[in-house]
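Chemist: dropping a prediction and its sequence here:
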Amino acid sequence: MNSVIKGASYVLSHAPDMVLRNGTTQTTEMIVNPDSEYLKELPKHLRSYEDVVAYLPNQTYIGNITPQELSAYAQPWYDKKAEKGETVDRYGKFGEVMPQDEFYLLMQACDVFDLVVLEKGFVADVKPRLAKDPVITEQILAQIPEGIDLAEIEHQVNDEHAEGLYQNDKLVGCVKRAHDVDTNLSAHVMLENLVSKAGSVLSLRHLLRVTGIDPADVEYVIDCCEEACGDMNQRGGGNFAKAAAEIAGYTSASGSDTRGFCAGPAHALVEAAALVKSGAYKNVVVTAGGCTAKLGMNGKDHVKKGMPALEDVLGGFSVLISANDGVNPEINLNILGRHAVGTGSSPQAVITSLVQEPLARNGMKITDVDKFSPEMQNPDITKPAGAGDVPLANYKMIGALAVKQGEMQKSELAAFPDKHGIVGFAPTQGHIPSGVPSIGFARQDILDGKLKNVMIVGKGSLFLGRMTNLFDGISFVIQPNSGADSTEGVSEEKIKSMIGDAMKKFAMSLLGEQEEENG
């Protein structure tokens, strides 16, 4: 039987100071043009935590506002406030928006090599607030020491190549390097990896709240972020999955990492569904934390247009895949779209391989899919940067292919995005928006009978790693539970009876043949 989706969690962590000092757009600018007007202007465009929480796409990501409710607001959204009765809160149905100072403490709790140090006054102020978070355990809080003097932190940053951690432009801590000469264990890399790990831990903790599952029942965790941990002898050896599971309290879980650029989460979910369907594991979690490099990625365009720097949050998510329970929506492994080596990279070739071909193999048309969830980037972020509305562009291509296949009339094309699409609402954190942000909503809508199926489409740019010019992608369909399999629940006595009847018939046939020969 197909595996099922028992729940999903989604978290955001506000990171305004990290935008300034850790986003690659900004760190590159500091090197090539340290006196640039952009760097001088950017701090004026950073949002407050309260504004980040109230931002409509962020409330959608954590589950307080549905994509349908979000689409009722005219774009752009950054200058809009919730006014239709939607809940606006730090905590949502799927997760939360954590403030930067609390996230620093969570990073320290995730650090098991004493690389993260925080100023003692800062810890004393923030730790009681972090303790109020309903998913933060005493075990996690116990990993946060009292802190050290600011002078020692300044020494680490100024003399020992540590990466500073700032709150309101004030130094409050740092991440130390883990090796004197190994660049793979530099303070820069350790900060990136600890940020991703902390985001995953937060989403893993919320997944327990969302699903109610006992963490001891999770047997395997797959991490699909875009970072890599290792040392000079194995740069991407891993294992983020077990590292995060350890802190999150998943004590019975093993795990490994899957990478595929933005398509990584879709690959990981298919792998998880296959592992569960095979019987290897009963419960597998797919998880990922965020990416500091992409903070403020399109900041120059946002500042130029007088907007807030909207890429100021770190994403994270976790999805629980379990053995079929006869209730929850299934991942149909018969309807898998694959961008193969020989597919080609034209938009039509990509959409054909990921959408039309897998559906056709199963006797379905494009219009038989209620909703498509491709790259779910927030158009508030991408449109000012010249990339347009990415989800909308995908829906138009899918609709155009349906017209070309004769599955709908050209006159229906204009209505296709609204009918079969989902508005983009996810932060541009690479792997974070690639199909998966809609899974929580899709699961609930299928359970409620509002949708009969949803296709998740993950796409990735493999050429970014300079190992191949190939594009990548994978898709799968979520559908209502098909109920108990017809062969399931057959008693041992019934099986013995069926075997006995078959053997009796076989023996009678042999006896008949022998009598015929004797006659």
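Modeler: Thanks, I have the structure now.
Chemist: check contacts around Thr251.
Modeler: Thr251 makes contact with Pro215, Ala216 under the criterion C-beta atoms under 8 Å, 6 or more residues apart in numbering. Heads up, the C-betas are built off the backbone N, CA and C, glycines and all.
Chemist: which residues in the stretch 101-250 of the chain form helices?
Modeler: With DSSP state H, counting those that start in this stretch as the definition, the stretch 101-250 of the chain shows helices at residue ranges 120-131, 138-141, 150-159, 187-211, 240-248.
Chemist: out of those helices, which gets nearest to Glu375?
Modeler: Nearest to Glu375, of all the helices of the stretch 101-250 of the chain, is helix 187-211, at 19.7 Å by C-beta to C-beta.
Chemist: what is that closest one packed up against?
Modeler: Secondary-structure packing of helix 187-211 (3 or more C-beta pairs under 8 Å, 6 or more residues apart in numbering; DSSP states H and E): strand 4-14, helix 16-22, helix 100-110, strand 163-167, strand 170-175, helix 240-248, strand 283-288, strand 313-322.
Chemist: any idea of the mean pLDDT for it?
Modeler: For helix 187-211, the mean per-residue pLDDT is 98.
Chemist: got the domain boundaries for the chain?
Modeler: Using automatic domain parsing, the domain ranges for the chain come out as 4-479, 491-519.
Chemist: what would the helices and strands packed on helix 187-211 look like in TSV with mean neighbour count, distance to Met397 and mean pLDDT?
Modeler: Formatted as TSV, those follow (neighbours: other C-beta atoms under 10 Å; distance: least, C-beta to C-beta, whole Å; pLDDT from 0 to 100):
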stretch	mean neighbour count	distance to Met397	mean pLDDT
strand 4-14	27	26	98
helix 16-22	24	32	98
helix 100-110	25	37	98
strand 163-167	22	41	98
strand 170-175	22	42	98
helix 240-248	25	33	98
strand 283-288	30	26	98
strand 313-322	28	25	98
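Chemist: out of these, which gets nearest to Asn362?
Modeler: Of these, the one closest to Asn362 (C-beta to C-beta) turns out to be strand 4-14, at 18.9 Å.
Chemist: dump that closest one to CSV, restricted to CA.
Modeler: Output of strand 4-14 as CSV, limited to C-alpha atoms (Å, rounded to 0.1, in the frame of the first residue of the first chain):
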residue,chain,number,x,y,z
VAL,A,4,0.7,8.4,3.8
ILE,A,5,1.4,12.0,4.9
LYS,A,6,0.6,12.3,8.6
GLY,A,7,1.5,15.9,9.0
ALA,A,8,3.9,18.8,8.1
SER,A,9,5.5,21.6,10.1
TYR,A,10,6.9,24.9,8.8
VAL,A,11,9.0,27.4,10.7
LEU,A,12,10.7,30.8,10.0
SER,A,13,13.4,32.5,12.0
HIS,A,14,13.8,36.3,11.7
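Chemist: tell me the contacts of the closest residue to Gly237 other than its chain neighbours?
Modeler: Leaving aside its chain neighbours, Gly237 sits nearest to Gly230 (3.8 Å; criterion: C-beta to C-beta, 6 or more residues apart in numbering). The contact partners of Gly230, by C-beta under 8 Å, 6+ apart, come to Asn184, Gly236, Gly237, Gly238.
Chemist: can I assume Asn184 is in contact with Arg235?
Modeler: Yes - if you go by C-beta atoms under 8 Å, Asn184 and Arg235 touch, sitting 5.3 Å apart.
Chemist: those two: which is more packed in?
Modeler: Neighbour count, other C-beta atoms under 10 Å: between Asn184 and Arg235, Asn184 has more, with 19 against 13.
Chemist: which residues of this protein fall in strands?
Modeler: 4-14, 97-98, 116-118, 163-167, 170-175, 220-223, 254-257, 283-288, 313-322, 330-338, 371-373, 454-460, 472-479 (DSSP state E).
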